[in-house]
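S.K.: Sequence and predicted structure, then a few things I'm wondering about:
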Amino acid sequence: MGALAQAGRNYAAEQVVPLLDDRLTVTLPAGARAEARAQSLMGVAASGQTETRVLYDVGGERLVLLASELFRVVPGELRAAIDGVTGGWDLPPGQHLVPLDTGPDTVGYGYFPLDSARQAVPIADAFVRTAESGIVRIQLFVSPNAADDRDGLTELAAQILRTVRPGERTLDAHAGSRVLAGLDGETILTADVRAGWVGRQESGLSFVVLRLLRLTPLGGPFASVTLYRGSAPNLVHQRFPADAVTRSGGRLLGLPTDWVHVHTGIGGASAVHMREALVDDGHGQFVHALAETDEPAFERELDELLGSIKRA
């Protein structure tokens, strides 16, 4: 019996670990530690409000817990909504999901058989509903040398998921202003949103990003706006052929500029409209705005949001 499987059969819930900046908590064996994924040189630092990675090492084996904020909601029957999502997963041949006995407002599944050929072997996947009907995903992985006792690992996963509890933090989705702050903490830009939008800021080594997301049903449409300020913007439309790109006149930060539009998947079930604009903000800095949605009903909200962006 491996060390992690033994930990599952003799579970010791000793250490409370906050997830997603205290959105949830989980109680793990002593020695578990939160450790964010390494930041790439040109990428953004992982936000503790969107992802928490927890490691637990014992007997030369490793368990990894990954919690992710999905910015989706399920106000109705939870299991039916989750089954609707997981039913479309592309699993390895012969593998299927097995429901786990978890706590309230949590739907979890184990994997049978385990795919031990992977560098990180998935042992369980769960979806937790928070007080405001938001959904957090919790994934559990083990190192390949721990994967020879599926029953013990499944018990470990179930024991962990039963300890998940609500934290103190909730999503701020009220109508009002969202701010983009510089690396010095000073507000640079603001944007006004309707109720139902949440914002999160991310920072790179020399740039800042504000991501605004519309809370929508799990498995349903999406809408988002990304605001970037830095010296090296990444223009999305440049990835597409010229005949897929259109332009329209408009303004950003009160300055005249072209809005560049790309429509993907036209005629399909997931047609997406992307539009972006770029303006020079002085001193070698640019402001780049990108809006995306696959739901025409959100276009008016996006128009209002983009039109509200202004300097602080």
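M.R.: Nice, I can see it.
S.K.: make it CA atoms for all contacts and neighbour counts henceforth
M.R.: Noted.
S.K.: Next, the contact list for the closest residue to S231 other than its chain neighbours, please.
M.R.: Distances taken as C-alpha to C-alpha, 6 or more residues apart in numbering place Q285 nearest to S231, at 4.7 Å, with adjacent residues excluded. Neighbouring residues of Q285 by C-alpha atoms under 8 Å, 6 or more residues apart in numbering: 229-231.
S.K.: what bridges to Q285?
M.R.: G282 (DSSP bridges).
S.K.: Over to L210?
M.R.: Residues in beta-bridge contact with L210 (DSSP bridges): Q201, L227.
S.K.: Surely it touches A191?
M.R.: No: the pair L210 / A191 is not scored as a contact, 9.8 Å apart, by C-alpha atoms under 8 Å.
S.K.: Overlap in contacts, these two.
M.R.: Joint contacts of L210 and A191 (C-alpha under 8 Å, 6+ apart) are V179.
S.K.: Mind naming the longest strand for the chain?
M.R.: Ranked by number of residues, the top strand in the chain under DSSP state E is strand 61-73.
S.K.: which neighbours does it have in its sheet, and in what orientation?
M.R.: strand 51-58 (antiparallel), strand 134-142 (antiparallel), strand 216-217 (parallel).
S.K.: For the stretch 1-150 of the chain, give me the ranges with low pLDDT.
M.R.: Along the stretch 1-150 of the chain, the parts satisfying pLDDT under 70 run over 39-46.
S.K.: how much space between the nearest residue to L255 once chain neighbours are set aside and K310?
M.R.: Spatially, and ignoring its direct neighbours in sequence, L255 is nearest to V279 (7.4 Å; C-alpha to C-alpha, 6+ apart). The spacing between V279 and K310, counted by C-alpha to C-alpha, to the nearest Å, is 12 Å.
S.K.: Stretch 107-116: end-to-end distance?
M.R.: 24 Å.
S.K.: Please apply the same query to stretch 126-138.
M.R.: By C-alpha to C-alpha, the extent of stretch 126-138 from end to end equals 5 Å.
S.K.: Please point out which parts of that stretch sit buried.
M.R.: For stretch 126-138, a neighbour-count test (16 or more other C-alpha atoms under 10 Å) marks 126-130, 133-138 as buried.
S.K.: Format those residues as TSV; extra columns: distance to R275.
M.R.: Listed next are these as TSV, based on distance: C-alpha to C-alpha, whole Å:
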residue	distance to R275
A126	34
F127	32
V128	33
R129	32
T130	32
S133	30
G134	27
I135	28
V136	29
R137	29
I138	32
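S.K.: for these, which one is nearest E14?
M.R.: I138 (19.2 Å; C-alpha to C-alpha).
S.K.: check contacts around the closest one.
M.R.: Taking C-alpha under 8 Å, 6+ apart, one finds 65-68, 125-128 in contact with I138.
S.K.: From F222, how far off is the nearest residue to it once chain neighbours are set aside?
M.R.: Leaving out its chain neighbours, the residue that sits closest to I138 by C-alpha to C-alpha, 6+ apart is A67, at 4.4 Å. Using C-alpha to C-alpha, A67 is found at 21 Å from F222.
S.K.: same deal with V260?
M.R.: For V260 relative to F222 (C-alpha to C-alpha), the value is 20 Å.
S.K.: Next, count neighbours for E69.
M.R.: 19 (other C-alpha atoms under 10 Å).
S.K.: Quick check: beta-bridge partners of it?
M.R.: V136.
S.K.: roughly how far apart are G84 and G167?
M.R.: Counting by C-alpha to C-alpha, the gap from G84 to G167 is 27 Å.
S.K.: more neighbours, those two?
M.R.: Taking other C-alpha under 10 Å, G84 and G167 do not tie; G167 has more neighbours (17 against 13).
S.K.: count of neighbours near the nearest residue to M1 once chain neighbours are set aside?
M.R.: Distance criterion C-alpha to C-alpha, 6+ apart; nearest residue to M1, sequence neighbours excluded, is D149 at 6.8 Å. By other C-alpha under 10 Å, 14 other residues sit near D149.
S.K.: List the contacts of F222.
M.R.: So F222 contacts 213-216, 292-295 (C-alpha under 8 Å, 6+ apart).
S.K.: Give me the buried subset of these.
M.R.: 213-216, 292-294.
S.K.: Tell me how far D148 lies from G196.
M.R.: D148 is 45 Å from G196, by C-alpha to C-alpha.
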